[in-house]
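Asker: Here is a sequence with its predicted model. Questions after.
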Amino acid sequence: MTGVGMVRVTWQSRARMKWPAMIIALALLSFLLSALGRDDVVSVHRAHAAAQVPTRSDIPPPLRTLRVAQPGEGEPRRIVQHGRVISVPTGCLSVNGSYDLVLHFHGAPEALEAAVVRSGLDSALAIVNLGIGSGVYDQAFAAPGSFPTFVTDVSRNLRKLCPQAREPKRIALSAWSAGYGAVWRILERSGQAERVDAVLLADGLHTGLVGPQQQRNLDPIKLEPFAMFAELAKNGERLLAITHTAISTLEYGSTTETAEYLLERAGIEPKPENVPGPRPDMRLTSKADYGAFHILGFSGNDKQAHADQLHAFGDTLLPYLRERWHK
């Protein structure tokens with residue numbers, strides 16, 4: 001990849017937000033939390049759940065602590081809140097006491113619930129859909145304290161589904177496409193990244209360009225939080241797993257370019273591959289692994305290839321998280 005500037009930043013050195021941006025951020029956060037406060041609790045019964053998730057015959061067995069389930073406790077449950085869903089896809093046994101929590105930004109709830117079940121992961125799941133473009137996700141978590149407030153509110157709503165739930169012990173941030181904007185903002189905020197154990201990005205890590213467009217210099221400031229997280233993942237302190245397609249972009253850095261940037265910063269060479277992916281027309285073309293840092297490159301340069309990355313989430317990225325959380 002052509003010359004990318006190296007800029008050293010720290011979690012503490014952040015520019016002060018301008019007032020208009022702060023007002024927008026607070027408005028978005030208020031809208032998000034007001035939706036989370038609604039009490040539209042839905043118990044997903046077996047007949048309904050069967051239409052959303054695959055059968056368990058070919059799914060890795062859950063690794064939850066064994067105990068006798070109460071009637072209905074093993075059934076999936078969810079709260080639907082104006083495009084936001086809080087879910088326990090494998091039932092309340094997954095969130096008995098302290099629990100693991102996946103916060104996902106951007107993507108169809110049914111596809112993500114199915115992915116959790118398919119991967120064999122025992123966790124609670126919160127899915128946030130705010131609209132088109134990464135900016136709206138960025139702004140939703142731009143206000144200081146917005147992320148811990150959001151986690152607290154998700155926990156409160158989970159207790160409506162499963163009264164035995166306490167507080168999350170580990171948190172994973174995941175995103176597809178534009179949802180990476182929320183992940184960037186959360187990692188960028190001083191102190192917030194310390195609470196995040198894992199980051200999973202499905203064909204979503206983009207960034208702006210600096211300097212002449214033809215030079216394709218990626219904005220290093222926007223990528224620094226991910227590069228710092230990658231260093232922690234290399235040492236096994238965190239998990240960072242990313243997929244990308246071969247979709248090219250003109251006015252901003254593509255997922256291929258950002259993946260190359262992170263690998264170059266980490267000093268890792270990807271290995272070429274040529275094997276079928278988990279969905280039709282998906283093909284794995286490269287792979288890089290170092291500690292708990294993983295990047296999978298896939299062919300495909302159209303909308304279908306991009307959508308496949310969401311629907312393959314339970315086969316490509318969540319298995320890394322399952323392995324980490326159930327060691």
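Answerer: That came through, no problem.
Asker: so where's the stretch 201-327 of the chain uncertain?
Answerer: The stretch 201-327 of the chain contains no residues with pLDDT under 70.
Asker: tell me the contacts of the closest residue in space to residue 95 that isn't next to it in sequence?
Answerer: Among residues not flanking residue 95 along the chain, residue 165 sits closest, at 4.2 Å (C-beta to C-beta, 6 or more residues apart in numbering). From N, CA and C alone the C-beta is placed, and that goes for glycine too. Contact partners of residue 165, counting by C-beta atoms under 8 Å, 6 or more residues apart in numbering, are 92, 95, 96, 97, 99, 124, 155, 158, 159.
Asker: centre of the chain versus stretch 92-109, how much separation?
Answerer: 11 Å (C-alpha atoms, centre = their mean, to the nearest Å).
Asker: Which stretches in this structure count as strands?
Answerer: Ranges of strands within the chain are 41-43, 77-81, 84-88, 97-105, 124-128, 165-176, 196-202, 239-244, 271-276, 283-290, 293-298, based on DSSP state E.
Asker: pretty sure residue 121 contacts residue 321?
Answerer: Yes: at 6.2 Å, residue 121 counts as touching residue 321 under the criterion of C-beta atoms under 8 Å.
Asker: any common contacting residues for those two?
Answerer: Each of residue 102 lies in contact with both residue 121 and residue 321 under the rule C-beta under 8 Å, 6+ apart.
Asker: still on that earlier bit, could you redo the strands of the chain as JSON lines and give each row distance to residue 208?
Answerer: Formatted as JSON lines, these follow (distance: least, C-beta to C-beta, whole Å):
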{"stretch": "strand 41-43", "distance to residue 208": "39"}
{"stretch": "strand 77-81", "distance to residue 208": "32"}
{"stretch": "strand 84-88", "distance to residue 208": "28"}
{"stretch": "strand 97-105", "distance to residue 208": "19"}
{"stretch": "strand 124-128", "distance to residue 208": "23"}
{"stretch": "strand 165-176", "distance to residue 208": "17"}
{"stretch": "strand 196-202", "distance to residue 208": "17"}
{"stretch": "strand 239-244", "distance to residue 208": "17"}
{"stretch": "strand 271-276", "distance to residue 208": "29"}
{"stretch": "strand 283-290", "distance to residue 208": "24"}
{"stretch": "strand 293-298", "distance to residue 208": "21"}
